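Enquirer: no sequence on this one, just coordinates:
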């Protein structure tokens, strides 16, 4: 679970650094965010999907251990998909 959180922090740093790089090059706020997200979408999404793929086999465990361990991959998967939506789709529709 800690590894999953570290990957999330790492992905967030990649996105923020890309936006900061564009802001330093005089690209305005939302345009910098959209351009950056288009640039880092594939690497960050692939990173998230590989982390989810590592945790999904834990859902196949049986008995009591399977019932207990099922919560971890479910939590990681739901969290990652929600963050993908928040980072990419939520950026295009600011509130």
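Expert: Nice, thanks for sending it over. The shown structure was predicted, so the numbers you read here are calculated from the model rather than taken from an experiment. Residues are numbered from 1 along each chain as shown.
Enquirer: and the helices in the protein, which stretches?
Expert: 2-24, 29-55, 63-69, 71-84, 90-92 (DSSP state H).
Enquirer: format the ones you listed as TSV; extra columns: mean pLDDT and mean neighbour count.
Expert: (Glycine included, C-beta is placed from N, CA and C.) As requested, the helices of the chain are exported to TSV (pLDDT from 0 to 100; neighbours: other C-beta atoms under 10 Å):
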stretch	mean pLDDT	mean neighbour count
helix 2-24	80	14
helix 29-55	84	15
helix 63-69	82	11
helix 71-84	80	16
helix 90-92	57	13
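Enquirer: can you tell me how far residue 49 sits from residue 8?
Expert: 13 Å (C-beta to C-beta, to the nearest Å).
Enquirer: again with residue 35
Expert: 22 Å.
Enquirer: residue 32 now?
Expert: 22 Å.
Enquirer: residue 70 now?
Expert: 21 Å.
Enquirer: residue 81 now?
Expert: 12 Å.
Enquirer: same thing with residue 31?
Expert: On the measure of C-beta to C-beta, residue 31 and residue 8 end up 25 Å apart.
Enquirer: list the contacts for residue 80?
Expert: Shown in contact with residue 80 (C-beta atoms under 8 Å, 6 or more residues apart in numbering): 4, 8, 48, 51-52.
Enquirer: max pairwise distance over the residues you listed: which two?
Expert: 8 and 52 (11.6 Å; C-beta to C-beta).
Enquirer: so residue 73 touches residue 51, yeah?
Expert: No: assessed by C-beta atoms under 8 Å, residue 73 is found out of contact with residue 51, at 10.2 Å.
Enquirer: centroid-wise, who is the farthest residue in this structure?
Expert: residue 63 (30.7 Å; C-alpha atoms, centre = their mean).
Enquirer: contact partners for residue 27?
Expert: residue 35.
Enquirer: quick check: phi and psi on it?
Expert: phi -90, psi 130 (degrees, to the nearest 10).
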